[in-house]
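In: Predicted model and sequence follow; I will ask about them next.
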Amino acid sequence: MAFIFFLISLLSSTIGAISGIGGGVIIKPVLDATNTLPVATISFLSGCTVLTMSVVSLLRQRNSDVKLDTRRTTPLAIGGAIGGIIGKYIFDLTKSILTENILGGMQAAILFLMTFGVLLFVIYKQKIKMLDVKSILVAFIVGLALGLISAFLGIGGGPMNIAVLYFFFSMSPKSAALNSIYVIMFSQITSLVSSILTGNIPEFSWVILLCMMAGGVFGALIGSAISKKVENAKVELCFKILLFVIMAINVYNMVRFF
């Protein structure tokens, strides 16, 4: 079982490092579909894996030609971190009210709708006028909303980050991918610290956690190496394919939970 979790984390983190979605948006629904662990435990394990992947991926790509736009993405990341705390609180509150199945189904439904919206945006983005936001306050507010949603869904950022970086900051696919991972790292650190301080860490197997984090490390290394060699068009194509896969998995989870 631990080896299966490692493979899921490895594949998800590799794809996440290339496309910038982080991997959690794949890990969370795939593990939900296996019906092996509680929703809260999966969210925690996914978050730890994504954090590992994001740190390794950023270290790996620090000397690449694609650079971080820290002036704008740092306030976005800080907003995401604060939003992550709020989202985690809302998740814990919702968990205490709803049953496991209803909570899992709700997460799957929301993620499906948001992924579908991102897919439509990416398909038609050539017809949409992109913004080039310079305001630190606007970046912070956008990050706040992203962090809240991501923490509640337990996905670490996912396709919403990419869409936001496209639309609000007019970034290229490879630049959006790298900056998305930077934002994800902030939100996952905050989420983990919040869980530790509030004592809301679910029961989990250390063997599974270590296997998943190992998958995150190797996935980041492989994904970063591939990212340096592929063009923007291929990164965007990978992103589009992933959106279809994520939607299909969430449809399955909605049927299973409800």
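Out: In hand now; what should we look at? The structure presented is a predicted model; accordingly, all values stated were derived computationally and were not measured. Numbers count the residues shown, from 1 in each chain.

In: Which helix or strand contains Ser43?
Out: Here Ser43, judged by DSSP states H and E, is contained in helix 39-60.

In: Mind listing what's buried along the helix or strand that that helix is followed by?
Out: With elements assigned by DSSP H and E, the helix or strand that comes after helix 39-60 is helix 70-97. Buried residues in helix 70-97, counted by 16 or more other C-beta atoms under 10 Å: 72-89, 91, 95. For glycine as for every other residue, the C-beta is placed from the backbone atoms N, C-alpha and C.

In: Now stretch 230-244: average pLDDT?
Out: On average, the pLDDT along stretch 230-244 is 88.

In: Kindly format the C-alpha coordinates of that stretch as PDB.
Out: Only the C-alpha atoms of stretch 230-244 are listed here, as PDB (Å, rounded to 0.1, in the frame of the first residue of the first chain):
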ATOM      1  CA  VAL A 230      10.100  21.800 -22.800                       C
ATOM      2  CA  GLU A 231       8.600  24.800 -24.500                       C
ATOM      3  CA  ASN A 232       5.700  27.000 -23.200                       C
ATOM      4  CA  ALA A 233       3.300  25.400 -25.700                       C
ATOM      5  CA  LYS A 234       4.000  21.900 -24.300                       C
ATOM      6  CA  VAL A 235       3.600  23.100 -20.700                       C
ATOM      7  CA  GLU A 236       0.200  24.500 -21.500                       C
ATOM      8  CA  LEU A 237      -0.800  21.400 -23.400                       C
ATOM      9  CA  CYS A 238       0.200  19.300 -20.300                       C
ATOM     10  CA  PHE A 239      -1.900  21.700 -18.200                       C
ATOM     11  CA  LYS A 240      -5.000  21.300 -20.400                       C
ATOM     12  CA  ILE A 241      -4.800  17.500 -20.400                       C
ATOM     13  CA  LEU A 242      -4.500  17.500 -16.600                       C
ATOM     14  CA  LEU A 243      -7.600  19.600 -16.300                       C
ATOM     15  CA  PHE A 244      -9.600  16.900 -18.100                       C
END
